[in-house]
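In: Next input, structure requested:
(chains A and B)
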Number of protein chains: 2
Amino acid sequence: MTHAPVHPDQKSGRTLIGVGVGPGDPELVTLKTVRILREADVILVPYTEATTDGPGRAETIITAVAPQIAERIERVPFSMRERSGVGEKRKASWQVSADAAVTAFDAGARTVALATVGDPTVFSTFTYLRANVEQRLPDVTVELSPGITAMQALSAASGHPLVEGKEILALVPATVGMEKLGQVLDLVDSVAIYKGGRKLPEVADQLRQRSRQAVIGTDVTLESEHIITLDQVTDAQTLPYFSTVLTTPERTTTGGKL
Amino acid sequence: MTHAPVHPDQKSGRTLIGVGVGPGDPELVTLKTVRILREADVILVPYTEATTDGPGRAETIITAVAPQIAERIERVPFSMRERSGVGEKRKASWQVSADAAVTAFDAGARTVALATVGDPTVFSTFTYLRANVEQRLPDVTVELSPGITAMQALSAASGHPLVEGKEILALVPATVGMEKLGQVLDLVDSVAIYKGGRKLPEVADQLRQRSRQAVIGTDVTLESEHIITLDQVTDAQTLPYFSTVLTTPERTTTGGKL
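Out: Residues are numbered from 1 along each chain as shown, chains lettered A, B, ... in the order given. Sure, this is the predicted structure:
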């Protein structure tokens, strides 16, 4: 297989790579991400307070696909995103992650990777880490290795294509508020809603007002996968924060089964 | 590595799988897709008239990641999508693909895969193949293996995250028309525009009317990768049909470099 380097202009040979590890199933990692994990000198993985007793999701995925990297893994704090804007606690957690990357480079690392669930360009903390490191170490080259997103995993698992033909897809974080979500639902065909588990009653209300069908997935592609339809959602029911809601139009081209 | 089956309820043991092979770089294929390709009895790959003299993009990718499957590959016609709605020629090409799948199952195949560039749930012909096969062979189980999409590849290659924080992303096929595209640009933060290469002057006009910055990518992640900024697009310039346009908001959190 050819490994065509997308960015051959590496300035100093020091590279910070945002690595997408997909939604949970280790098989949904790309060959590129596996190679980068095997080659990286240091691999930063986020952990939340809830998972300090054991590995977080990103760490579980990468140790499954590349067990030999365990000793190069370094846990960095991960503050839950977007719950209350860019708070001081979140800024502090980015700072600690950036410090860890800079320390690794200062100690001689050529390649430092940050493993991020899903894709590093979709609601990822890598963006903030990168900005901080680029400011402090301008010679470091930044690269990204894409990963399968939660909406793709839910689409595949539920059998509802994200978009067909002339349809439009939107990816909306529930944190934008229900008025904005409603505007998007009125304009486009398919909508994936992230970070909406805790706001499920409000999200369900927006969907029902428009007679929309939807599926809601939690831990999709993991053993604990839980997928329900909007019809099964009861009043006031909530799900974990990182659940994904997917509404697609009624179609004549697909079997339409769940 | 664990291979947790997402759909253990296989009805007859006969399975049709839509397999995403990513945007072009063979390294952007997932481990799951590689395994399915290795295990499938027959692998259908689309070809267009333009590529009948050699392998199409999907075939090039899959033979790079799994050379041993070459003799199980069968080319099926692929009519360019959405240029003129669901025409008779396109319907005929789906029928031929479905016939090939049914013939393979009738001949004893347990697993038939269709390799599709990008993700099989994003503007993929797999949807139509699936509907046809499900109607004729109701015992066949359908599965999907996600793939990295062109918008993710362009985001990674250009360094512009698709979405951060409370931003909204939309994926719009240029075939919806410029009025609708304009409405989406007015409502959301980041927009990926597919199938817009031939309509680049009109798309560029919509972006410039709103003082939007954008990058435009063709063959992203391939040797022939070509990425330009909106500023570099001259009047009346067009690009290949399957080029991707990505506009993201100005951000303070990212380096913002291209």
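In: hey, where'd the helices end up in the stretch 1-150 of chain A?
Out: Ranges of helices in the stretch 1-150 of chain A, per DSSP state H, counting those that start in this stretch, are A:31-39, A:57-65, A:88-106, A:126-136, A:150-158.
In: And the closest residue to A:Ile73 other than its chain neighbours, how close does it get to A:Thr60?
Out: Residue nearest to A:Ile73 in three dimensions, not counting chain neighbours: A:Ile43, with 5.0 Å by C-beta to C-beta, 6 or more residues apart in numbering or on different chains. In this view, the C-beta of every residue, glycine as well, is placed from N, C-alpha and C. A:Ile43 is 13 Å from A:Thr60, where distance means C-beta to C-beta, to the nearest Å.
In: Can you get me a residue count around the nearest residue to A:Arg75 once chain neighbours are set aside?
Out: The shortest distance from A:Arg75 to any residue other than its chain neighbours is 4.7 Å, reached at A:Tyr47 (C-beta to C-beta, 6+ apart). Using other C-beta atoms under 10 Å in any protein chain shown, A:Tyr47 has 18 other residues around it.
In: What's the separation between A:Tyr47 and chain B?
Out: Distance, A:Tyr47 to chain B, using C-beta to the nearest C-beta, to the nearest Å: 21 Å.
In: quick one: contacts for A:Thr229?
Out: Residues near A:Thr229 by C-beta atoms under 8 Å, 6 or more residues apart in numbering or on different chains: A:Gln213, A:Ala214, A:Val215, A:Ile216, A:Leu258.
In: Name the member of these with the most neighbours.
Out: In terms of neighbours by other C-beta under 10 Å, these top out with A:Ile216 at 28 neighbours.
In: circling back: my read: the residue nearest to A:Ile73 touches A:Arg75, true?
Out: No. Using C-beta atoms under 8 Å, A:Ile43 makes no contact with A:Arg75, being 10.0 Å away.
In: more neighbours, A:Ile43 and A:Thr60?
Out: Per other C-beta under 10 Å, whichever of A:Ile43 and A:Thr60 has more neighbours is A:Ile43, with 27 against 17.
In: For that one, name its beta-bridge partners.
Out: Counting by DSSP bridges, A:Ile43 forms beta bridges with A:Ile73, A:Ala113.
In: With just CA atoms, put the one helix or strand in chain A whose mean pLDDT sits lowest into PDB.
Out: None of the helices or strands of chain A scores lower by mean pLDDT, DSSP states H and E than helix A:88-106, at a mean of 86. The C-alpha trace of helix A:88-106 is given here as PDB (Å, rounded to 0.1, in the frame of the first residue of the first chain):
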ATOM      1  CA  GLU A  88     -12.300  28.400  33.400                       C
ATOM      2  CA  LYS A  89     -12.200  24.700  34.100                       C
ATOM      3  CA  ARG A  90     -12.300  23.800  30.500                       C
ATOM      4  CA  LYS A  91      -9.500  26.300  29.700                       C
ATOM      5  CA  ALA A  92      -7.400  24.800  32.400                       C
ATOM      6  CA  SER A  93      -7.800  21.300  31.000                       C
ATOM      7  CA  TRP A  94      -6.700  22.500  27.600                       C
ATOM      8  CA  GLN A  95      -3.700  24.100  29.200                       C
ATOM      9  CA  VAL A  96      -2.700  20.900  30.900                       C
ATOM     10  CA  SER A  97      -3.000  19.000  27.600                       C
ATOM     11  CA  ALA A  98      -1.000  21.500  25.800                       C
ATOM     12  CA  ASP A  99       1.600  21.500  28.600                       C
ATOM     13  CA  ALA A 100       1.800  17.700  28.200                       C
ATOM     14  CA  ALA A 101       2.400  18.000  24.400                       C
ATOM     15  CA  VAL A 102       5.100  20.700  24.900                       C
ATOM     16  CA  THR A 103       6.800  18.800  27.600                       C
ATOM     17  CA  ALA A 104       6.900  15.700  25.300                       C
ATOM     18  CA  PHE A 105       8.400  17.700  22.500                       C
ATOM     19  CA  ASP A 106      10.900  19.400  24.800                       C
END
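In: ok, and does it reach over to chain B?
Out: No. Using C-beta under 8 Å from any C-beta of the partner chain, helix A:88-106 stays clear of chain B, coming no nearer than 9.5 Å.
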